[in-house]
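J.: following is a predicted model, sequence given first.
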Amino acid sequence: MATAAQDQHNGFFTKLQEIRDRLGSLRKDRTNYIKSNDVLEQYFLLCEQIRSVAHLDKDTDEQDGLSRIYLLITDCLLLVSLFFLTVGKNNEPPAAFAALLVIKRLIQHLTESGNFSRKDLDPIREKLAELKRNIDIGKEDHPPEIIEQLEPIINDSYLALKPLQDKLDLISPQLEHLHEKLVSIRRTIRGCEARQTFSTTEVRSYKKQLDDIEATKIDGMLLGRDGTVPEGEEIVLELLEKCQACADEALLRQGSIAPPLRSTAERLYRLRSHLERLSVTQAWSLRETDLYDYIIEVQEIDRSRVDGRFVGEDGMVYDEGQDILIYLVRKCYAYVFSLVVSSEPVSESLTPIFNQLQTVRRCLLEVQKAGGVSSSREFYPYSMKLASIDNMRVDGKFMVGQEVPEGQGRVNSLLAECFEIMAELRCATEETPVSTRPDSPADNTTETANRAPGA
């Protein structure tokens, strides 16, 4: 019986591996744009396998085999999710999986650190609400086994977020600003430690800020404007104490990391550097499927901890550098979250056009902000660019071969907005007297006429 179950598990594992390999090959192909049909083909094959696995006999002797299958399903779902983002299907349920995976880890780390403010929770809560809305709307159009994979993560995330929100709700509005400042100081000190070159001067400046806050205490308490002790004062005092300890430890260790932990630190420094670069050049260089390797590697490093602590190459646990490594892991998750959240619902094949339109729009808004133009000739570069993009459309749609990529509405809306700003600027130019236009020849002539000869 156990052998038959093992053979069955191996069969499913092999089929799932084949799906992952095909998705991997699709991801690595940089010679062609990713097509929605290619993604959907693998997506429905994955759904079929998940449906079959759900009916497996959960033989207690084969739990290891089942665990391998579930891990592989998670891997495939992550890839499919990133592919959905790449082809512009951001608002469909499968696209939610990558964001939910990162949100889950972020909440766990915020809970573990105890260092968070509303500025940390609000973006997570807003994204969760958006993802839940997308899942609810798309329920009818996607297989139930996919929805069953997503809904528990959404519910668990809300449950994990509630204690953090409840803790912040205990803090009086009078202390909220101070609490946010302390959260920021503590995080910034950790950031100073995680730099390749430690700055004693900078950490001392934060230590000075903490001492100034300490000096405002009366009889060891933080009082409100009315002289009473505000609600949540003990939470803020505890955080102030942690900040002081953090600053003292940072000045003592000065960013040092135990040698057996250096290899892990180097991996995290490299990951952070790549993600930071992607966050700057995202619009022009990011293919969402590129995030797969980063997510997998950060998770692998994070899961290597034993009882929340990193183990050195020699199998020993060292205090020196633990907080730096944890900070780097959290920073990597934060970058990934930011990149996933800011992904536009535009197919990869339409992204170059979308980026060009965003640049034109940004330039036009700057011109409008500066007071318009002095001559209609200044519109020519913008007019020519918009006209060339407009001429790419076939029956009002941007085509790539015979395919109509996702994101048509978003790109067409942006194009229309650019034309609208152009029309407003033209109108303003026609209505503005020549003498009052910026850098107008009339202004220069008048100024020259009023000058003394030889001036």
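T.: Perfect, I can see it now.

J.: show me the shaky parts of this structure.
T.: Along the chain, segments meeting pLDDT under 70 span 1-3, 57-63, 283, 431-455.

J.: quickly find the element holding the residue most central in space within it.
T.: In the chain, the C-alpha nearest the mean C-alpha coordinate belongs to Ser338, at 1.4 Å (C-alpha atoms, centre = their mean). According to DSSP states H and E, Ser338 maps onto helix 322-341.

J.: if you drop the residues flanking it in sequence, what lies closest to the residue nearest to the centre of the chain?
T.: Excluding its sequence neighbours, the residue lying closest to Ser338 (C-beta to C-beta, 6 or more residues apart in numbering) is Ser279, at 6.1 Å. (C-beta placed from N, C-alpha, C; glycine too.)

J.: hang on, that neighbour packs against Tyr335?
T.: Yes - if you go by C-beta atoms under 8 Å, Ser279 and Tyr335 touch, sitting 5.7 Å apart.

J.: more neighbours: the two, which one.
T.: Set side by side, Ser279 and Tyr335 show more neighbours around Tyr335, with 22 against 15, by other C-beta atoms under 10 Å.

J.: that one and Ser273, how far apart?
T.: Using C-beta to C-beta, to the nearest Å, Tyr335 is found at 10 Å from Ser273.

J.: again with Ser388
T.: Ser388 is 37 Å from Ser273, where distance means C-beta to C-beta.

J.: what do you get for Glu231?
T.: 42 Å.

J.: and if you look at Leu357?
T.: Distance, Leu357 to Ser273, by C-beta to C-beta: 30 Å.

J.: Three-state assignment for Asn32, please.
T.: Following DSSP: H, G, I helix; E, B strand; the rest coil, Asn32 is assigned to coil.

J.: in what helix or strand does the residue lying closest to Gly372 once chain neighbours are set aside lie?
T.: Distances taken as C-beta to C-beta, 6+ apart place Ala428 nearest to Gly372, at 4.9 Å, with adjacent residues excluded. Per DSSP H and E, Ala428 falls inside helix 408-431.

J.: same check, this time on Gln149
T.: Assigned by DSSP H and E, Gln149 falls in helix 144-169.

J.: alpha carbons of the helix holding Ala428, as CSV, please.
T.: Written as CSV, here are the backbone C-alpha positions of helix 408-431 (Å, rounded to 0.1, in the frame of the first residue of the first chain):
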residue,chain,number,x,y,z
GLN,A,408,-4.9,48.5,-23.5
GLY,A,409,-7.2,50.6,-21.3
ARG,A,410,-4.3,51.8,-19.2
VAL,A,411,-2.1,52.8,-22.2
ASN,A,412,-5.0,54.4,-24.1
SER,A,413,-6.0,56.3,-21.1
LEU,A,414,-2.4,57.6,-20.6
LEU,A,415,-2.2,58.6,-24.3
ALA,A,416,-5.5,60.5,-24.1
GLU,A,417,-4.3,62.3,-21.0
CYS,A,418,-1.2,63.4,-22.8
PHE,A,419,-3.2,64.8,-25.7
GLU,A,420,-5.5,66.5,-23.2
ILE,A,421,-2.6,68.2,-21.4
MET,A,422,-1.2,69.3,-24.8
ALA,A,423,-4.6,70.8,-25.7
GLU,A,424,-4.7,72.7,-22.4
LEU,A,425,-1.2,74.1,-23.0
ARG,A,426,-2.1,75.1,-26.6
CYS,A,427,-5.2,76.9,-25.3
ALA,A,428,-3.2,78.7,-22.6
THR,A,429,-0.5,79.8,-25.2
GLU,A,430,-3.2,81.2,-27.5
GLU,A,431,-4.9,83.1,-24.7
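
J.: list the buried residues for the helix holding Ser338?
T.: 322-340 (16 or more other C-beta atoms under 10 Å).

J.: now for it, which elements pack on it?
T.: helix 96-113, helix 118-138, helix 173-193, helix 262-285, helix 291-303 (3 or more C-beta pairs under 8 Å, 6 or more residues apart in numbering; DSSP states H and E).

J.: so that helix versus helix 291-303, what angle?
T.: 150 degrees (axes from the mean of the first three to the mean of the last three C-alpha atoms, to 10 degrees).

J.: before we move on, the earlier item: ok, the residue nearest to Gly372 touching Ser376?
T.: No - the pair Ala428 / Ser376 is not scored as a contact, 11.4 Å apart, by C-beta under 8 Å.

J.: can you pull the contacts of Leu121?
T.: Applying C-beta atoms under 8 Å, 6 or more residues apart in numbering to Leu121 gives the contacts 110, 161, 164-165, 168.

J.: list only those of the residues you listed flagged as buried.
T.: 110, 161, 164, 168.

J.: for Thr188, state which of the residues you listed is nearest.
T.: Leu110 (16.4 Å; C-beta to C-beta).

J.: now the closest one. Nearest residue, chain neighbours left out?
T.: Leaving aside its sequence neighbours, Leu110 sits nearest to Phe116 (C-beta to C-beta, 6+ apart; 4.5 Å).
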